[in-house]
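Peer 1: how would this look folded up:
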Amino acid sequence: MHWRYATRLREMRDRLASMPRRLSILSLAVMAGITLAAAGLVDLDWVQVQRAQEQSAWNLALAISDDFNRSIGNVNFKLDSMVSAIALDGADPRLPERLKREVRATSDQFGALLIVDDQGQVRVSTSDQFKPGSIESGFEAAIARRGLTFSTPLIVDGERWLPMVRPIGQESGHPISIVAMLRLSYFERRVAALRSDPKTMIGVFEPNGPGVFRLPELALNIDRTVPDHVAIHAVGTGASVSFMGRSPVDRVDRLTVVMRAGSLPIGVMVGIPISEFVQIWWPQAATLIFLAASMLLLMVMLHFTLATELYCRHQAEALIAEAVDEANRVGAQFRLLAEFSSDVLCEIKFDSGFGYTSPAMERLLGWSRDELVGIDPRTLTHPDDLLRMRELSEGLTPNSGPQIARFRHLCKNGSYIWVEASIQLTCRNGVPEGFVSVMRDITDRVEVERRLAEASSELEQLAATDQLTGVANRRRFDQELAREWRRTTREELPLSLLLLDVDFFKIYNDTYGHQGGDQVLKAVASAIGGTLQRPADLVARWGGEEFAVLLPATDIYGAIEVAEIIRVAVEILHIPHRDTPGGCLTVSIGVASTYPSSNNAAEPLIAEADTNLYEAKRLGRNRVSAQTTTLVSGLGRNTNDSEFDVGAF
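Peer 2: Model prediction:
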């Protein structure tokens, strides 16, 4: 049995060795290209997911910062009304009771109110935990900094309080401050309401100090994933930083962003687990890897198929060469070889057509030798291949050697099959008189090549399509924008861009679930595509709940009209959304238009459309905004602060 396997291995080696080196190198290059392209697409998808998650973290950190600032501002406002009624000499015996009433009125925020001097001595207190006359040394550092500041959080009766120190005046040349004990549970509830994913880590901290609070609460101290000098720099200068690292609290790898909470000396930290990235990225990456592996398998199969075909062809050519060399001496042997060859051997004269044909002709094509005698071979060639075959025959010379041609040959039953022919010019006394041809059936090989081309086309289409909505993805949009920019520059035509955002989409997701959100995105994409009438118009998913529409050869007026048609098309879908003013899903649209030139880029056009989109959302959503012109839908009014009159739309 072993000798049989050895024989097969030697046969396979001989077949591969018979392939031209250039063809082998080309096959390897194509397979390497497929591998690199798939790796590039997978890596690009990972980068896009990482950027989207980082942007989400920044948005959440900014929302927490704004909320924290608003809450502290409200507390500060309440303190203003209290401070205005405080007599610094402490002579009013009703002052403690008045402060206690104020604390009870705002018990969700305040735990206690203290009035202390610069030595930390308590003058007035609303809590039994801090007796008047006692020294609270923990407040001295905060009082010394002057101005609104915070001290180290305290645990009082099992509840965490954050001391907020604020100077209110002086007594006998010594500064007097009011200390508001803020209930951290109030701020934790507000921050928790902003966190959509329970796996997201949120922390509020002081530089060089313990954490104010952390969600989820795994430890009282904040994650020290952030180096101390980075935290001090971020809070002290207002700069923002982002990085990846492992939390020492729960040992989870996260993408973390750190920023200052507005004007307060407090830092905000948001960390998204890297595992969330993988859950988003892996399905599409697995699809790309599967398609690339399928294409590589097809390439390997084609490679071995070609090796087999070339091996057989080389074998046939060797037989023909040997038969020609021995023709004068052993003509009978040549005839014997020709009769039993699996390839079709033909002798064709320029003046008389087919001369000799081997029996394989009848087995392969159905034509007998007698039926082909005197027939012009061009009558058996597919009409679409005649020009190519004529050019090949005209290029034959005595020194050109065998030429390879692929064409469709007519069978006796009226059908056509693909054949590959090795054609050699024959001469008599140096004068060309015809040629000999060796043909074989390559129909299966052509079919394999066709399927490979279709698979390559499908992979390219997949790489340019958003999987959820079926419209173009950001990569395809960037390519089309660059192409249309060059075309409109060359033809001196306008180019317009619409940026759309689904109104209150995050609330929709929280209310109806992410699957409902996915269905909404599909419906909006379908509605947008249904309004576009020209082949050059392109709708693409910009990211999240945003879409972009590219309108070549369209000025600002036409773009506004298309935007309003899209807005109405989405509105009349009547998709229920109980958290919107109208009770149904709507979109806001920003419009921008320009005349491209070789001296400018497309980024200002995108920035203008994005600015107008945010202007439309700022003015109430469900409307179209173009430059400073905003079209208000369903309200019977519009604002027009620019030279454009959009009231007719």
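Peer 1: per-domain residue ranges of this protein.
Peer 2: Listed domain ranges for the chain are 346-446, 464-640 (source: automatic domain parsing).
Peer 1: closest one to residue 33 among those domains?
Peer 2: domain 464-640 (17.6 Å; Cβ to Cβ). (C-beta placed from N, C-alpha, C; glycine too.)
Peer 1: thinking again about what came up before, please identify which of the domains of the chain is closest to residue 168.
Peer 2: domain 464-640 (37.8 Å).
Peer 1: mind checking how far the closest one is from the chain centre?
Peer 2: Distance of domain 464-640 from the chain centroid (Cα atoms, centre = their mean, to the nearest Å) equals 18 Å.
Peer 1: Test my guess that residue 66 contacts residue 262.
Peer 2: Yes - between residue 66 and residue 262 a contact is recorded at 7.3 Å, counting by Cβ atoms under 8 Å.
Peer 1: Do you have the strands of the stretch 151-300 of the chain handy? List them.
Peer 2: Here the stretch 151-300 of the chain has its strands, by DSSP state E, counting those that start in this stretch, at 154-156, 159-171, 174-183, 201-205, 211-215, 241-246, 253-260, 267-273.
Peer 1: a markdown table for those strands, including mean pLDDT?
Peer 2: Shown next, in a markdown table, are the strands of the stretch 151-300 of the chain (pLDDT from 0 to 100):
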| stretch | mean pLDDT |
| --- | --- |
| strand 154-156 | 80 |
| strand 159-171 | 80 |
| strand 174-183 | 81 |
| strand 201-205 | 80 |
| strand 211-215 | 68 |
| strand 241-246 | 79 |
| strand 253-260 | 83 |
| strand 267-273 | 84 |
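Peer 1: would you list those strands in JSON lines and tack on distance to residue 591 and mean neighbour count?
Peer 2: As requested, the strands of the stretch 151-300 of the chain are exported to JSON lines (distance: least, Cβ to Cβ, whole Å; neighbours: other Cβ atoms under 10 Å):
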{"stretch": "strand 154-156", "distance to residue 591": "54", "mean neighbour count": "14"}
{"stretch": "strand 159-171", "distance to residue 591": "46", "mean neighbour count": "18"}
{"stretch": "strand 174-183", "distance to residue 591": "46", "mean neighbour count": "20"}
{"stretch": "strand 201-205", "distance to residue 591": "37", "mean neighbour count": "24"}
{"stretch": "strand 211-215", "distance to residue 591": "40", "mean neighbour count": "20"}
{"stretch": "strand 241-246", "distance to residue 591": "32", "mean neighbour count": "14"}
{"stretch": "strand 253-260", "distance to residue 591": "32", "mean neighbour count": "22"}
{"stretch": "strand 267-273", "distance to residue 591": "33", "mean neighbour count": "25"}
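Peer 1: of the domains of the chain, which approaches residue 203 most closely?
Peer 2: domain 464-640 (22.0 Å).
Peer 1: tell me the mean pLDDT over that closest one?
Peer 2: Model confidence over domain 464-640 averages 88 on the pLDDT scale.
Peer 1: among the domains of the chain, which is nearest residue 277?
Peer 2: That would be domain 464-640 among these, by Cβ to Cβ, at 15.3 Å.
Peer 1: okay, the angle between the top helix by length along the chain and strand 159-171?
Peer 2: The longest helix of the chain (DSSP state H) is helix 21-83. Interaxial angle of helix 21-83 relative to strand 159-171 (axes from the mean of the first three to the mean of the last three Cα atoms, to 10 degrees): 50 degrees.
Peer 1: what angle sits between helix 21-83 and strand 174-183?
Peer 2: 120 degrees.
Peer 1: Next secondary structure after helix 21-83?
Peer 2: Next helix or strand after helix 21-83 toward the C-terminus (DSSP states H and E): helix 95-105.
Peer 1: circling back: now render the strands of the stretch 151-300 of the chain as TSV, adding distance to residue 604.
Peer 2: Listed next are the strands of the stretch 151-300 of the chain as TSV, based on distance: least, Cβ to Cβ, whole Å:
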stretch	distance to residue 604
strand 154-156	53
strand 159-171	45
strand 174-183	45
strand 201-205	36
strand 211-215	40
strand 241-246	26
strand 253-260	27
strand 267-273	31
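Peer 1: Please name whichever of those is nearest to residue 101.
Peer 2: It's strand 174-183; of the strands of the stretch 151-300 of the chain, that one is closest to residue 101 (Cβ to Cβ) at 15.0 Å.
Peer 1: Now do that closest one: which elements does it pack against?
Peer 2: On a contact count with 3 or more Cβ pairs under 8 Å, 6 or more residues apart in numbering; DSSP states H and E, strand 174-183 meets helix 21-83, strand 110-117, strand 159-171.
Peer 1: and these, which is most packed in?
Peer 2: Comparing these by mean neighbour count (mean count of other Cβ atoms under 10 Å), strand 110-117 comes out on top with a mean of 24.
Peer 1: Now do that one, average pLDDT.
Peer 2: On average, strand 110-117 scores 81.
Peer 1: which residues of the stretch 201-350 of the chain fall in helices?
Peer 2: Under the criterion DSSP state H, counting those that start in this stretch, the stretch 201-350 of the chain carries helices at the ranges 228-237, 274-325, 331-340.
Peer 1: quick one: which of those helices is nearest residue 549?
Peer 2: When the helices of the stretch 201-350 of the chain are compared by Cβ to Cβ, helix 274-325 sits nearest residue 549, at 23.7 Å.
Peer 1: got the angle between the closest one and helix 21-83?
Peer 2: Counting by the same axes, to 10 degrees, helix 274-325 lies at 170 degrees to helix 21-83.
Peer 1: what packs against helix 274-325?
Peer 2: Right, helix 274-325 is packed against helix 2-17, helix 21-83, strand 253-260, helix 331-340, strand 416-428, strand 431-441, helix 443-463 by 3+ Cβ pairs under 8 Å, 6+ apart.
Peer 1: how about the last one: buried residues?
Peer 2: Translated: helix 443-463. Judged by neighbour count using 16 or more other Cβ atoms under 10 Å, the buried positions of helix 443-463 are 445, 446, 448, 449, 452, 456, 459, 463.
Peer 1: That one: how far from the chain's middle?
Peer 2: On Cα atoms, centre = their mean, the centre of helix 443-463 falls 25 Å from the chain's centre.
Peer 1: Alpha carbons of it, as CSV, please.
Peer 2: Written as CSV, here are the backbone C-alpha positions of helix 443-463 (Å, rounded to 0.1, in the frame of the first residue of the first chain):
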residue,chain,number,x,y,z
THR,A,443,-15.3,23.9,-19.2
ASP,A,444,-14.9,22.9,-15.5
ARG,A,445,-11.9,25.2,-15.1
VAL,A,446,-13.8,28.2,-16.5
GLU,A,447,-16.7,27.5,-14.1
VAL,A,448,-14.3,27.5,-11.2
GLU,A,449,-12.8,30.8,-12.3
ARG,A,450,-16.3,32.3,-12.6
ARG,A,451,-17.2,31.2,-9.1
LEU,A,452,-14.0,32.6,-7.8
ALA,A,453,-14.7,36.0,-9.4
GLU,A,454,-18.2,36.0,-8.0
ALA,A,455,-16.9,35.2,-4.5
SER,A,456,-14.4,38.1,-4.8
SER,A,457,-17.2,40.4,-5.9
GLU,A,458,-19.3,39.4,-2.9
LEU,A,459,-16.5,40.0,-0.5
GLU,A,460,-15.9,43.5,-1.9
GLN,A,461,-19.6,44.2,-1.7
LEU,A,462,-19.7,43.1,2.0
ALA,A,463,-16.7,45.2,2.8
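Peer 1: Residue 517: how many residues sit nearby?
Peer 2: Each residue near residue 517 was counted by other Cβ atoms under 10 Å, and the total is 20.
Peer 1: I figured it hits residue 510, correct?
Peer 2: No - the pair residue 517 and residue 510 does not pass the contact test of Cβ under 8 Å, sitting 9.2 Å apart.
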